[in-house]
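S.K.: please work out how this folds:
(one chain, ligands or ions: 1)
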Amino acid sequence: MDCSYFRERINLYVDGELGYLEVAELQQHLSFCPDCAAELAQVGEVRGALAAWGRLELAPPPAFAERVMAVAELEPLPGSPRPFGRAVSDTLEYLDEKLGSIPLPGGRHLPVKNVIGWGLATAAVVIGFERRHGRRSRELTPL
Ligand SMILES: [Zn+2]
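M.R.: A predicted model of the protein is given here:
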């Protein structure tokens, strides 16, 4: 049995779908295979992050994608003094004023800008990465 045999089982293990003997077999392999142990740690982290997102149960605000794209359009051209991070924070302040907060069970409120901020942070990374590795690979704008 090589590593690929165990790699297939790591996902099943994280899902709790392995039998007792299979778990023992996998754990025995993990005890001397740092590669598979690292794979398990990574799969576990991803699953944990996804589960955390799943528990939020928050629908994106109306026109969320359009707003993200609007923010992306605000990114200055090379040489412009306005950094992307400043544009994002201005937009979040604006949206905070306009949208307020999302009511949560128990009478608490979650500021909409926090929800959007998480999305924007993700979008900014993706968009920034694409831009920097596309048209202007030498210039890095700190966020
Ligand atoms: Zn292995």
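S.K.: tell me if Leu40 really is in a strand.
M.R.: No. The assignment for Leu40 by DSSP: H, G, I helix; E, B strand; the rest coil gives helix, which leaves it out of any strand.
S.K.: not counting its neighbours along the chain, what's nearest it?
M.R.: Closest residue to Leu40 apart from its sequence neighbours, by Cβ to Cβ, 6 or more residues apart in numbering: Ile10 at 5.1 Å. Placement of C-beta: from N, CA and C, glycine included.
S.K.: so where does the one you found fall, helix or strand?
M.R.: Under the criterion DSSP states H and E, the helix or strand holding Ile10 is helix 3-14.
S.K.: is the ion contacted by the very next helix or strand once past that helix?
M.R.: Counting by DSSP H and E, the next helix or strand C-terminal to helix 3-14 is helix 20-30. No. If you take Cβ under 5 Å from the ion as the test, helix 20-30 misses the ion, and the best it gets is 5.6 Å.
S.K.: renumber starting at 4 from here on
M.R.: Okay, using 4 as the starting number, the last item reads as helix 23-33.
S.K.: which residue ranges of this protein form strands?
M.R.: Counting by DSSP state E, the chain has strands at residues 104-106, 112-114.
S.K.: now do the same for the residue nearest to Leu43: its pLDDT.
M.R.: With respect to pLDDT, Ile13 has a value of 91.
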